[in-house]
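Enquirer: below are the sequence and a predicted model; questions follow.
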Amino acid sequence: MDFYDQKVIKVATAPALAMEYYPISVTSSNPSIVSADFDDYDNTILLHSGYISGTATISVSVNGKTAVCQVTVQTKEIPPSGEEDI
């Protein structure tokens with residue numbers, strides 16, 4: 001992810017109706033790098049990055065089962081003046 005970026009991750013469970021019966025917990029190991037919020041209307045996880053480079057682990061738990069993923073935030077490389085892509 002880039003600084004001040006937002007990504008959406010679709011959540012799917014097996015069985016598909018598990019999200020209707022069990023609460024879903026979403027956490028970030030480092031919210032200052034990437035915060036994570038669950039949108040139960042769309043069954044999506046919203047990731048928001050700040051202005052700090054680094055890596056955070058996003059954990060999603062449903063009924064005692066947990067899935068994790070690593071998210072890395074880094075700067076975009078800006079070409080030196082005069083070498084910009086057009």
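Expert: Received, thanks.

Enquirer: tell me the helix or strand right after the helix-or-strand element of the chain with minimal mean pLDDT.
Expert: For the chain, counting by mean pLDDT, DSSP states H and E, helix 18-21 ranks last in confidence among helices and strands (a mean of 82). Using DSSP states H and E, the helix or strand that follows helix 18-21 in sequence is strand 24-28.

Enquirer: state the mean pLDDT of that following strand.
Expert: What strand 24-28 shows for mean pLDDT is 94.

Enquirer: stretch 60-67 now?
Expert: For stretch 60-67, mean pLDDT is 90.

Enquirer: quick one: buried residues of that stretch?
Expert: 60, 62 (16 or more other Cβ atoms under 10 Å). Placement of C-beta: from N, CA and C, glycine included.

Enquirer: from residue 21, how far off is the closest residue in space to residue 47 that isn't next to it in sequence?
Expert: Of all residues not flanking residue 47 in the chain, residue 7 sits nearest, at 4.5 Å (Cβ to Cβ, 6 or more residues apart in numbering). Distance from residue 7 to residue 21, counting by Cβ to Cβ, to the nearest Å: 27 Å.

Enquirer: just how off-centre is stretch 5-21 within its chain?
Expert: 13 Å (Cα atoms, centre = their mean, to the nearest Å).

Enquirer: mind listing what's buried in that stretch?
Expert: 9, 11, 13, 19.
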